[in-house]
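Engineer: no sequence for this one, just the structure:
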């Protein structure tokens, strides 16, 4: 019996990217209160490869973490991580995957580049909003803590993902 190749590929890519999100979380430089990880690199890469369906591994990753599977940074797990200071950044993976994925369904380079930038901004917006709310610091302080130290690294990740995407297609 012959199966559905598209569904099989979707399942395989979903499993692969959940694993890569986890590996990216374990490659962590502990900067309080938000560690530097490679998760955002893999979220963007999933969007390049899976397009809009990159939302699936992003959601599954959060569900697994909430169910106490140690997939978050430094092998942390549980709903407490999502409700903690870094939770907004993790939740931001979902809209980021959708934004970049939809952009990568288009052929124009400017739309793809804009999509990668907008996806990163979405992670920042969710992240700093929740960081500010959960810790009681101002939005300006949240930007200083949760965005400024990561701008250069996230720019490099975005550039790398863009060029990898160019090579894949």
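Structural biologist: Received it, and whenever you're ready, just let me know what you need. In this text the structure is predicted, and so the values were computed from the model without any measurement.

Engineer: contacts for the worst-scoring helix or strand of the chain on mean pLDDT?
Structural biologist: Here the helix or strand of the chain ranked lowest by mean pLDDT, DSSP states H and E is strand 28-29, holding a mean of 76. When contacts are defined by Cβ atoms under 8 Å, 6 or more residues apart in numbering, strand 28-29 is touched by residues 35-37, 73-74. The C-beta positions use only the backbone N, C-alpha and C, and glycine is treated the same way.

Engineer: Might you calculate how far the helix ranked longest in the chain sits from the centre of the chain?
Structural biologist: Ranked by residue count, the top helix of the chain under DSSP state H comes out as helix 109-135. Put simply, helix 109-135 sits 10 Å off its chain's centre (Cα atoms, centre = their mean, to the nearest Å).

Engineer: What's the mean pLDDT across the next helix or strand after that helix?
Structural biologist: Note on helix 109-135: by DSSP states H and E, the next helix or strand toward the C-terminus is helix 139-146. Average pLDDT, helix 139-146: 95.

Engineer: Let me know the angle separating helix 139-146 from helix 109-135.
Structural biologist: Per axes from the mean of the first three to the mean of the last three Cα atoms, to 10 degrees, the angle that helix 139-146 makes with helix 109-135 is 110 degrees.

Engineer: just the helices in this protein please.
Structural biologist: 5-26, 39-50, 55-66, 79-83, 87-91, 93-103, 109-135, 139-146, 151-168.

Engineer: Mind giving me the packing neighbours of the first one?
Structural biologist: This means helix 5-26. With contacts taken as 3 or more Cβ pairs under 8 Å, 6 or more residues apart in numbering; DSSP states H and E, helix 5-26 sits against helix 39-50, helix 55-66.

Engineer: give me that answer again for 10 Å
Structural biologist: Packing partners of helix 5-26 (3 or more Cβ pairs under 10 Å, 6 or more residues apart in numbering; DSSP states H and E): strand 36-37, helix 39-50, helix 55-66.

Engineer: re earlier: how about TSV for the helices of the chain, with mean neighbour count added?
Structural biologist: Shown next, in TSV, are the helices of the chain (neighbours: other Cβ atoms under 10 Å):
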stretch	mean neighbour count
helix 5-26	16
helix 39-50	26
helix 55-66	21
helix 79-83	15
helix 87-91	23
helix 93-103	24
helix 109-135	19
helix 139-146	17
helix 151-168	14
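
Engineer: pretty sure residue 124 is touching residue 154, no?
Structural biologist: Yes - shown here, residue 124 and residue 154 form a contact pair, counting by Cβ atoms under 10 Å, at 8.3 Å.

Engineer: what sits in contact with each of those two?
Structural biologist: Between them, residue 124 and residue 154 have 40, 147 as joint contacts when contacts are counted by Cβ atoms under 10 Å, 6 or more residues apart in numbering.

Engineer: Fine by me, thanks again.
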